[in-house]
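Visitor: give me a 3D structure for the following:
(one chain, ligands or ions: 2)
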Amino acid sequence: MIDYDKRRDALLESLDTDAFLIFNLEGSDSVSMFYLTGFTGEGALLLSAKEAFLMTDSRYTEQASREVPGLPVKEIKGDYLKEVTTILKARKLKRVAVSSKRMTYYVVEKLRELFGEEIIAFEDPVMALRRLKDPEEIARIREATRLTEASLTSLLGEIKIGVSERELALRLEVIMRKNGAEKIAFDLIVAAGENSALPHYQPGERTLRQGDLLLFDIGAQLDGYCSDMTRVFAVKEVLSQAREIYELVLRANQAGIKAIRAGASGVAVDTIARDVIAQAGHKEHFGHGLGHGVGLEVHEGPRLSPLSKDTLQPGMTVTVEPGVYLPGFGGVRIEDLLIVTKNGSEVLTSLPKDRLIEVG
Ligand code: ZN
Ligand code: ZN
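Guide: Numbering: from 1, shown residues only. Ligands and ions are numbered 1, 2, ... in the order given. Next comes the predicted model:
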């Protein structure tokens, strides 16, 4: 069971304001709403020392009574901004916090105009809490990872020369949904041959050919929580250049994983893995950060990168995903998902990666 009261108390404690306000309209902040209440519909949430108060409209009132039976709900009948402001005024609130990363400029401007008191923008106070996962969250992320791995394993038998990236991506999505995923955690990346050199490729009509690298960067969402992992295979035949970069990326991945522990900085872990690649002469072929947190969103804090300001703590999730991308040839990325522990980490991903496996 998730203790939403505890989350809401921790949030208010981190702020020096009278209240915190969320608007989740058209999905603008579904993540904070879900994290703080378990409600999946649209609406607004007001948190103060006295109360947690949900405002939604007739499309979601029945849903709210099922999902958050303990929360008082007010039905908004007209304009959200006007009615929410009336509620703020009625409570004589003077200083109300919002998240600048989650609220549009339009909403903040309107609120300031209608409210007349202080609206104070913090960057993303809910994200700051979400970095540390509780046991229930870890269980869900573990299960989403298990589902993703089982789905990829069942797809492997269907990989053949002539099949397109798009067919494989669609087929994998179907398998994930059949295995119980709510949805895919992000647009699945299936990239063959030279396309695997594009880190955020969208699968297309390219069909598999002998000797191709075949990259899967995939994740499922389960009970709100995401998984994220990357594995690379060789179609029918392992070319020597493919093996070479695979073994290099694997060494960087292993060095990164070894460096994960409470107290390590995001910069330090990134540097350890990046140096392995740089020393092999491929510095310019690894442009992105080493990793990121995974939870309600597939990319969240902490970050492992040259620009990171984060220090790892027990209970954080983090990916380790070095890559080497050779334009015109292909790329290799090996991505594992880990939980930071006091003295190291627990690696949630378990699909084999110790050598470049042939498929097809
Ligand atoms: Zn990924
Ligand atoms: Zn990732």
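Visitor: can you pull the pLDDT of I161?
Guide: As predicted, I161 sits at a pLDDT of 97.
Visitor: residues in contact with it?
Guide: T207, L208, R209, Q210, V235, K236, G360 (Cβ atoms under 8 Å, 6 or more residues apart in numbering). The C-beta positions use only the backbone N, C-alpha and C, and glycine is treated the same way.
Visitor: convert the C-alpha atoms of the helix or strand hosting K258 to PDB, please.
Guide: With elements taken from DSSP states H and E, the one containing K258 is helix 240-259. The C-alpha trace of helix 240-259 is given here as PDB (Å, rounded to 0.1, in the frame of the first residue of the first chain):
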ATOM      1  CA  SER A 240      34.200  -8.200 -36.300                       C
ATOM      2  CA  GLN A 241      33.600  -4.400 -36.100                       C
ATOM      3  CA  ALA A 242      30.300  -5.100 -34.300                       C
ATOM      4  CA  ARG A 243      31.900  -7.500 -31.900                       C
ATOM      5  CA  GLU A 244      34.600  -4.900 -31.200                       C
ATOM      6  CA  ILE A 245      32.300  -2.100 -30.300                       C
ATOM      7  CA  TYR A 246      30.000  -4.500 -28.400                       C
ATOM      8  CA  GLU A 247      32.800  -5.600 -26.100                       C
ATOM      9  CA  LEU A 248      33.900  -2.000 -25.600                       C
ATOM     10  CA  VAL A 249      30.400  -0.900 -24.600                       C
ATOM     11  CA  LEU A 250      30.000  -3.900 -22.300                       C
ATOM     12  CA  ARG A 251      33.200  -3.000 -20.500                       C
ATOM     13  CA  ALA A 252      31.900   0.600 -20.000                       C
ATOM     14  CA  ASN A 253      28.500  -0.700 -18.900                       C
ATOM     15  CA  GLN A 254      30.200  -3.000 -16.300                       C
ATOM     16  CA  ALA A 255      32.500  -0.200 -15.100                       C
ATOM     17  CA  GLY A 256      29.500   2.100 -14.700                       C
ATOM     18  CA  ILE A 257      27.600  -0.500 -12.700                       C
ATOM     19  CA  LYS A 258      30.500  -1.200 -10.500                       C
ATOM     20  CA  ALA A 259      30.700   2.500  -9.700                       C
END
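Visitor: can you show me the CA trace of stretch 163-176 as CSV?
Guide: Extracted in CSV, the C-alpha atoms of stretch 163-176 (Å, rounded to 0.1, in the frame of the first residue of the first chain):
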residue,chain,number,x,y,z
VAL,A,163,11.2,-8.5,-41.2
SER,A,164,11.0,-4.7,-40.8
GLU,A,165,11.9,-2.7,-37.7
ARG,A,166,8.3,-1.5,-37.5
GLU,A,167,6.8,-5.0,-37.6
LEU,A,168,9.1,-6.0,-34.7
ALA,A,169,8.2,-2.9,-32.7
LEU,A,170,4.5,-3.5,-33.2
ARG,A,171,4.8,-7.2,-32.4
LEU,A,172,6.7,-6.5,-29.2
GLU,A,173,4.1,-4.0,-28.1
VAL,A,174,1.4,-6.6,-28.6
ILE,A,175,3.3,-9.1,-26.6
MET,A,176,3.8,-6.6,-23.8
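Visitor: contacts for the helix or strand just after the helix holding K258 next, please.
Guide: Sequence-wise, the next helix or strand downstream of helix 240-259 (DSSP H and E) is helix 266-279. The contact list for helix 266-279, computed with Cβ under 8 Å, 6+ apart, reads 248-249, 251-253, 255-256, 258-260, 283, 285-286, 289-291, 302-312, 320, 322, 324.
Visitor: so the nearest residue to T349 once chain neighbours are set aside: helix, strand or coil?
Guide: Nearest residue to T349 in three dimensions, chain neighbours excluded: D336, at 4.4 Å (Cβ to Cβ, 6 or more residues apart in numbering). Put simply, D336 is strand when judged by DSSP: H, G, I helix; E, B strand; the rest coil.
Visitor: distance of D336 from ligand 1?
Guide: Distance, D336 to ligand 1, by Cβ to the ion, to the nearest Å: 10 Å.
Visitor: okay, now that residue: neighbour count?
Guide: For D336, the neighbour count with other Cβ atoms under 10 Å is 26.
Visitor: bridging residues for it?
Guide: Under DSSP bridges, the beta-bridge partners of D336 are V320.
Visitor: state the distance from it to T311.
Guide: D336 sits 20 Å away from T311, going by Cβ to Cβ, to the nearest Å.
Visitor: for D18, same thing?
Guide: Distance of D18 to T311, given as Cβ to Cβ: 31 Å.
Visitor: neighbour-wise, which of these two wins?
Guide: The neighbour count for D18 versus T311, taken as other Cβ under 10 Å, is higher for D18 (20 against 14).
Visitor: chain neighbours aside, what residue packs nearest to the more buried one?
Guide: Of all residues beyond its chain neighbours, the one nearest D18 is L93 (4.6 Å), with distances taken as Cβ to Cβ, 6+ apart.
Visitor: then K309?
Guide: Closest residue in space to K309, ignoring its immediate chain neighbours: G266 at 7.2 Å, by Cβ to Cβ, 6+ apart.
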